[in-house]
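> next input, structure requested:
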Amino acid sequence: MNAISTYAEFRAAFLARIKAAAVTFDPLLLSFMDGLGAAGHFQIGGETIVTMEDPMRPDGLTSDVYFCQPPDLVRHWFGEGGYEDQIVPFLHASSTGSYIALWQLAGQPQRYVFLGDEGECLTLAERAEDLIRLLATGYIEIYGRESLEDTAEEQFEDSFEEDFTPPALARSLCFELTGQIPSESFASHLPFAPGKDPFEAFVAKAIGL
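Next comes the predicted model:
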């Protein structure tokens, strides 16, 4: 990743990782990422990232939610269990190191799941359209179910003194690609209640809880 300097290079490396895992990355979600990257929402740093927020804004980035390729994250969670081809992290979600991943089991529908830095795990969405709506809401970070109960504006104003500005390009792309606009908060759109989430059960079994 250190040699990457353009969005095209990031995109190629990103898709190579997806291909290596033998899973499919939904074209709708790729179009969303492409729209951000082509418009310059791209930054080279500790991680090469494609951001929800415009990295050229005068006050800099405020969002910790961005596309990336974290190395060895699945092994840190699950050890050498061979889960790298079933769980593919592709979105940074919080300042403390939570991630969103694509989860694909043989014979099961593809889902988008959350791996929290403090051990929380849940299914965020079962369709790319719903994940795009979540990303376009404008949360500065996602650190579990509790964070999605607030509106993006409430979360922002708890951390910053300036007024909340919704991510205009992400919201425009969301409407263009899905025909929908983000809701004020996302908690009510989560597909499973606590204790009934298949990913929560999968993780518990995988790590022996």
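> check contacts around the spatially most central residue of the chain.
The central residue of the chain, meaning the one whose C-alpha is nearest the mean C-alpha position (Cα atoms, centre = their mean), is L91 at 3.5 Å. With contacts defined as Cβ atoms under 8 Å, 6 or more residues apart in numbering, the neighbours of L91 are 65-68, 99-101, 135. For every residue, glycine as well, the C-beta is placed using N, CA and C.
> repeat that for D26.
Applying Cβ under 8 Å, 6+ apart, one finds that D26 lies in contact with 110, 128.
> look up how far R127 lies from it.
Taking Cβ to Cβ, to the nearest Å as the criterion, D26 is separated from R127 by 8 Å.
> residue ranges of the strands in this structure, please?
Using DSSP state E, the strands assigned to the chain run over residues 42-43, 49-51, 66-67, 87-92, 99-103, 111-115, 121-125.
> which neighbouring elements make contact with the second one?
Counting by 3 or more Cβ pairs under 8 Å, 6 or more residues apart in numbering; DSSP states H and E, the packing neighbours recorded for strand 49-51 are helix 27-38, strand 42-43, strand 66-67.
> mind checking the end-to-end distance for stretch 187-198?
Using Cα to Cα, to the nearest Å, the span of stretch 187-198 from its first residue to its last is 17 Å.
> who touches it?
By Cβ under 8 Å, 6+ apart, the list of residues contacting stretch 187-198 from outside reads 111, 121-126, 130, 133-134, 145, 148-149, 183, 200.
> can you give me how far it is from the chain middle?
On the basis of Cα atoms, centre = their mean, to the nearest Å, stretch 187-198 sits 17 Å off its chain's mean C-alpha point.
> just the mean pLDDT for it, thanks.
Computed over stretch 187-198, the mean pLDDT rounds to 95.
> and that stretch, what's buried?
The neighbour-count check on stretch 187-198 (16 or more other Cβ atoms under 10 Å) flags 190-192, 197-198 as buried.
> alright, I will stop here.
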